[in-house]
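Engineer: Got a predicted model here, sequence first, then my questions.
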Amino acid sequence: MTDPKNNFDALRLIGALLVVFSHQLALSGRWEPRFVGDHSFGNLGVLIFFSISGYLVTASWMNDPHLGRFAVRRAARLLPALAVSIPCTFAIASALGLSGFPDNPHHGLNGSLWTIPFEVMCYILLALMGAISRRPALWLAIAIFALFAVTGFQLGMSFVAYFGLFFGMGALLQAYPYLSKPPVALLFCCVAFVLILIDQTKLGLAFIVPPLVIAVGRQSWPVLRSAGRFGDLSYGIYIYAWPVQQITVALLGENRSYFVLLGVSLPITLALAFFSWHFVEKVALRYKPAPRREKVEIGIDAVY
């Protein structure tokens, strides 16, 4: 969890649940509603993840700019939960006689995992920029925007550039807090509006989603600031929801009511996420290297 006095745990949880609600529609063969252009609400959840990750992982680097310790922290955050979830979901599906999902609208066991390599690539880019510069967030953002200019505008979208836009903006907002002040935030919103109007939706969202997410995350609001009292369930939800939903659709049928499917899959996913945090993720994070500096402005703890 992050500092319990802010809203970041709640925003990560909201992002994970947006993915769950959206994927339940897609995995049962239904249309996923869009919030702008061709962006589904599940996609918005992923963009929230990358924005927060850029902000807090950059804080972790600023805390202790050491490549080895940084790499161990990132690995401790991602790998143990994956090492448990992948064989467990495969074993459960096999025990239920579901070696595959040929009759489901989608056939993969865990289609959510495809974004994780891009998260890792963002970590690597940040570390590389940190190794060659004292201003890694600035150079990361420059590199990402340059990559987007080449791949996004000319050759079709590169997901490294796409997700990197949100990670990079989060990094900038951490390194340069004045970018979060109202006049600059208003300018970002105006830029985003213009970009969306000229059909550059992906770039436009990068100017509005991270600033709004970080502005809300830094606050301490009743209810939201207490979202992490049962643990940081967001990552566990993300890695377990798809296989649980696939199995639910396979057993109950894709024509079953959306709310019935969600009513079965969501509690199981939350239980697995609770187990993942308390018995895998939190345990692994106890062994991460201690930082060598005082924490930067926003509180960070074992998660980052």
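Structural biologist: Good, I have the coordinates. Predicted model, so just to flag it, every value in this text is computed and none were measured. Numbering: from 1, shown residues only.

Engineer: Tally up the residues packed near residue 96, please.
Structural biologist: 11 (other C-beta atoms under 10 Å). (C-beta placed from N, C-alpha, C; glycine too.)

Engineer: before we move on, what SS does the nearest residue to it once chain neighbours are set aside have?
Structural biologist: What sits nearest to residue 96 in space, not counting adjacent residues and going by C-beta to C-beta, 6 or more residues apart in numbering, is residue 247, at 6.5 Å. Here residue 247 takes the helix state, with states given by DSSP: H, G, I helix; E, B strand; the rest coil.

Engineer: can you give me the helices for the stretch 151-300 of the chain?
Structural biologist: 159-175, 182-197, 201-206, 209-217, 234-252, 258-276, 282-285 (DSSP state H, counting those that start in this stretch).

Engineer: between those, which gets nearest to residue 68?
Structural biologist: Minimum separation from residue 68 across these (C-beta to C-beta) falls at helix 282-285, 16.9 Å.

Engineer: Share the number of residues neighbouring the residue nearest to residue 162 when sequence neighbours are not counted, please.
Structural biologist: Once flanking residues are discounted, residue 162 sits nearest to residue 202: 5.9 Å by C-beta to C-beta, 6+ apart. For residue 202, the count of nearby residues is 20 (other C-beta under 10 Å).

Engineer: And the lengthiest helix in the chain, how far out from the chain middle?
Structural biologist: When the chain is parsed with DSSP state H, its longest helix is helix 67-95. In terms of C-alpha atoms, centre = their mean, to the nearest Å, the gap separating the centre of helix 67-95 from the centre of its chain is 15 Å.

Engineer: how about it: buried residues?
Structural biologist: Neighbour counts over helix 67-95 (16 or more other C-beta atoms under 10 Å) mark 69-70, 73-74, 76-78, 80-82, 84-85, 89, 93 as buried.

Engineer: okay, those residues in CSV with pLDDT and distance to residue 171 next?
Structural biologist: Below are the buried residues of helix 67-95 laid out as CSV (pLDDT from 0 to 100; distance: C-beta to C-beta, whole Å):
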residue, pLDDT, distance to residue 171
69, 95, 18
70, 96, 13
73, 96, 16
74, 97, 14
76, 96, 20
77, 96, 17
78, 97, 18
80, 97, 25
81, 98, 24
82, 97, 24
84, 97, 29
85, 97, 28
89, 95, 32
93, 93, 37
